[in-house]
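Q: how does the following fold in three dimensions:
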Amino acid sequence: MRKLLERKIPGRRATKVKAHQKRAATIADTLYRHFQVGPYQYQVKHLRWYLETQTRHLKTGSRYRHWLTIQQIVTALNKQGLWESLLEGSWKQPESSNLPPEYRKN
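A: Model prediction:
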């Protein structure tokens, strides 16, 4: 997962990139344990399952950051046009007051 995202995550801030990579590793580990699939085998149902079941206990801002990381994975797999509308859910609209400043939309 790290090699896949290293080439694709844009950004100058190393901490943001590392945070995405850490979350992506957690997502990859969870999906492998549950479905026995690797990053290049992901389908929408795998990522949606993760967002629906594995992030439901998290605060809104954390769910949103997991969704952002999944968006990075989808972009790295070149599936953004096909999967974007299928990955919509409550995790997509965070309460901006719960987000750290670097994730807030200005």
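Q: next one: the host helix or strand of residue 45 to chain centre, how far?
A: Element membership for residue 45 (DSSP states H and E) is helix 44-49. Centroid separation for helix 44-49 versus its chain: 11 Å, with Cα atoms, centre = their mean, to the nearest Å.
Q: keeping just the C-alphas, turn whichever helix or strand comes after it into CSV.
A: Stepping forward along the backbone from helix 44-49, the first helix or strand reached (DSSP H and E) is helix 60-76. Taking Å, rounded to 0.1, in the frame of the first residue of the first chain, the C-alpha atoms of helix 60-76 are listed here in CSV:
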residue,chain,number,x,y,z
THR,A,60,-17.3,12.8,12.4
GLY,A,61,-13.9,14.3,11.7
SER,A,62,-12.1,11.0,11.9
ARG,A,63,-14.6,9.3,9.6
TYR,A,64,-14.0,12.2,7.1
ARG,A,65,-10.3,11.7,7.3
HIS,A,66,-10.7,7.9,6.6
TRP,A,67,-12.9,8.9,3.6
LEU,A,68,-10.2,11.2,2.4
THR,A,69,-7.6,8.4,2.6
ILE,A,70,-9.9,6.1,0.7
GLN,A,71,-10.3,8.9,-1.9
GLN,A,72,-6.4,8.8,-2.2
ILE,A,73,-6.5,5.0,-2.6
VAL,A,74,-9.2,5.3,-5.3
THR,A,75,-7.2,8.0,-7.1
ALA,A,76,-4.0,5.8,-6.9
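Q: who's in contact with residue 19?
A: residue 65 (Cβ atoms under 8 Å, 6 or more residues apart in numbering). For every residue, glycine as well, the C-beta is placed using N, CA and C.
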